[in-house]
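Participant: Generate a structure from the sequence data that follows.
(chains A and B)
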Amino acid sequence: MLGNFSYCNPTRLYFGENALDGLKQELPKFGKNILLTYGGGSIKKSGIYDDVVKILKTCNKNIIELPGVMSNPTLEKLYEGCELARKNNIDLILAVGGGSVCDYSKAVSVSTYCEGDA
Amino acid sequence: MVGTGSEMNGGSVITNHAKKLKVGRVFGDNVFPKFSILNPVYTFTVPKYQMVAGFFDIMSHIMEQYFSGNDDNTSDYIAEGLMKSLITSSLIAVEDPKNYEARSNIMWTATWALNTLIAKGKSTDWEVHMIGQAVGAVTNATHGMTLSAVSIAYYNKIKNYGLKKFARFAVNVWGINPAGKSDNELADAGLKALEDWMRKIGVVMNLKELGVTESMYDDIANGTFLLEGGYKVLTRDDVIEILKASM
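Facilitator: Residues are numbered from 1 along each chain as shown, chains lettered A, B, ... in the order given. Next up, the predicted model:
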């Protein structure tokens, strides 16, 4: 191995058919206001949306919805998310979907606290 | 869908259509998700086009890190294992998308392909992503397909600058018998095996299919960041040649 580096992997990962049980364990660690980001609605068809909302309600969270995150998320959509996050004093962004929704949610989390573009 | 590895990294890609730019930022571990929930069953319903685009995105993430440096490096051995797992499971999943074993292996491979581990001690390339993202900015095409459409032309362009690694790729990833073959022959055989696999899983093999026309070459070249971590630093002309060869 050449060079000097550090390695840190701070993500707790729940894997497998029962992975969603991990959400119940994680939610108590965060505040009340949850920004729920997702894409075009496939999660409603598949039932994942209902499962997630049920857990959020059981854990007494306020849900602020941010649907319509497109594949290849745009700058305009990012600004919309930052605005929503600031206005609702969001404690946790919960991305439900694939790479675009996850990428987008990170961009919102960083840019919400940024003047200008991160 | 799986592929980006976004569930366990600090990466984020946003598209600015006004400026025709698709820009990725890689933030530090304070932007990694606090937690991620991965259920392979959730991936069963992803349409086939997106599924295989994701498979290629995973492969590309691994190759972008693997094809750099000339030292013996633990990261490359891990990368080879991940590629072999992906190749095996992807061929099963395209025939049987609800095969839990295959889809779960692919999901876990996607995470490890881009959570920084296999980049340790390496300069890493990422030029295929730079070209692919520039293509995505003007076409809004599916990310994985922008990578598949340009990869073979890109690797043919740079292989002579990292010949030993391309030969190793053929032997260790694709199981090609090195007996009696030169590094050059092995490198070609490895890229041929990669291309055959891409055709088998059914990814897009040319830019035309993504709607790219000659009139877009300038915008794509202008939007392609030229990085220095790979075997060859491309010039703008190289990028145009790769685009032409990818049509």
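
Participant: What separation is there between the residue lying farthest from the centre of chain B and A:Tyr7?
Facilitator: The outermost residue of chain B, judged against the average C-alpha position, is B:Gly180 (29.8 Å), by CA atoms, centre = their mean. When CB to CB, to the nearest Å is applied, the distance between B:Gly180 and A:Tyr7 equals 41 Å. Every C-beta, even on glycine, is put in place using the N, C-alpha and C of the backbone.

Participant: what about A:Leu23, how many neighbours?
Facilitator: Residues within reach of A:Leu23, counting by other CB atoms under 10 Å in any protein chain shown, total 18.

Participant: B:Ser36 is in contact with that one, correct?
Facilitator: No. Between A:Leu23 and B:Ser36 there is no contact, the gap being 10.4 Å when judged by CB atoms under 8 Å.

Participant: overlap in contacts of those two?
Facilitator: The contact sets of A:Leu23 and B:Ser36 overlap at A:Tyr14 (CB atoms under 8 Å, 6 or more residues apart in numbering or on different chains).

Participant: So what does the nearest residue to A:Gly22 once chain neighbours are set aside have for phi and psi?
Facilitator: In space, and not counting its chain neighbours, A:Gly22 is closest to A:Tyr14: 3.0 Å by CB to CB, 6 or more residues apart in numbering or on different chains. With angles defined as degrees, to the nearest 10, A:Tyr14 shows backbone torsions of phi -110, psi 120.

Participant: got it, and B:Val23?
Facilitator: Backbone dihedrals for B:Val23, given as degrees, to the nearest 10, come out at phi -120, psi 130.

Participant: Report the contact partners of the nearest residue to it once chain neighbours are set aside.
Facilitator: Computed as CB to CB, 6+ apart, the closest residue to B:Val23 that is not its neighbour in sequence is B:Ile14, at 6.2 Å. Shown here is B:Ile14, whose contacts under the criterion CB under 8 Å, 6+ apart are A:73-75, A:78, A:103-104, A:107, B:22-23, B:25.

Participant: And the residue of chain A closest to chain B?
Facilitator: A:Gly99 (2.8 Å; CB to the nearest CB).

Participant: so who does that residue touch?
Facilitator: B:1, B:3-6, B:57, B:143.

Participant: do that again at 10 Å, thanks
Facilitator: A:71, A:73, B:1-7, B:11-13, B:54, B:57, B:110, B:114, B:143-144 (CB atoms under 10 Å, 6 or more residues apart in numbering or on different chains).
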